[in-house]
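*Asks:* model this:
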Amino acid sequence: RLSPDTLYFFGDNNFTEWGSLFQQYVPPPFRIPGTSPAYSFGIAGSGSGVPFHWHGPGYSEVIFGRKRWFLYPPDKTPHFHPNETTLAWLHRTYPTLPPAQRPLECTLRPGEVLYFPDRWWHATLNLDTSVFISTFLG
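*Replies:* Numbers count the residues shown, from 1 in each chain. The predicted structure is shown next:
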């Protein structure tokens, strides 16, 4: 199925509705002094994800499923179309990239956490139905 046809729930979560989940969640003990972290809970279908973007630092933890990450440092803007899904980018653009222009990448599995530094470009692709929590620092 096309990525837009799959479930992808992520972003500002209603803590009234999801309060019991967040009360049970124990985040990794990383903080930026003088700031409060912001949490986002996500459920996503296989083949969905987010295209390349950047923001402040944080980390993402997979609870169920697998999530593939593609990352570039701030000084290396990735080649992508903003309206193209990560799955389309992986099939069309990724194979044409010379090895030196490919992103850093990894696949997170349940219980694994990835830290993404400030202003690093990143895109994700859910390889399975996935459940995850992201923590935005600062």
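
*Asks:* contacting residues for residue 72?
*Replies:* Residues near residue 72 by CB atoms under 8 Å, 6 or more residues apart in numbering: 52, 78, 103, 104, 120, 121, 122. All C-beta atoms are positioned from the backbone trio N, CA, C, and that covers glycine.

*Asks:* are any of those buried, and if so which?
*Replies:* Using 16 or more other CB atoms under 10 Å as the burial test, the contacts of residue 72 include 52, 78, 103, 120, 121, 122 as buried.

*Asks:* residue 44: which of these is nearest?
*Replies:* Of all the buried ones among the contacts of residue 72, residue 122 has the smallest distance to residue 44: 15.2 Å, by CB to CB.

*Asks:* and whichever helix or strand that closest one is part of, what other elements does it pack with?
*Replies:* Residue 122 is part of strand 121-126 when elements are defined by DSSP states H and E. Contacts defined by 3 or more CB pairs under 8 Å, 6 or more residues apart in numbering; DSSP states H and E place strand 121-126 against strand 49-53, strand 67-72, helix 86-92.

*Asks:* re earlier: so which of the buried ones among the contacts of residue 72 is the closest to residue 22?
*Replies:* residue 122 (23.3 Å).

*Asks:* ok, and the closest non-adjacent residue to that closest one?
*Replies:* Nearest-residue entry for residue 122: residue 71, 4.7 Å, with adjacent residues in sequence omitted and distances by CB to CB, 6 or more residues apart in numbering.
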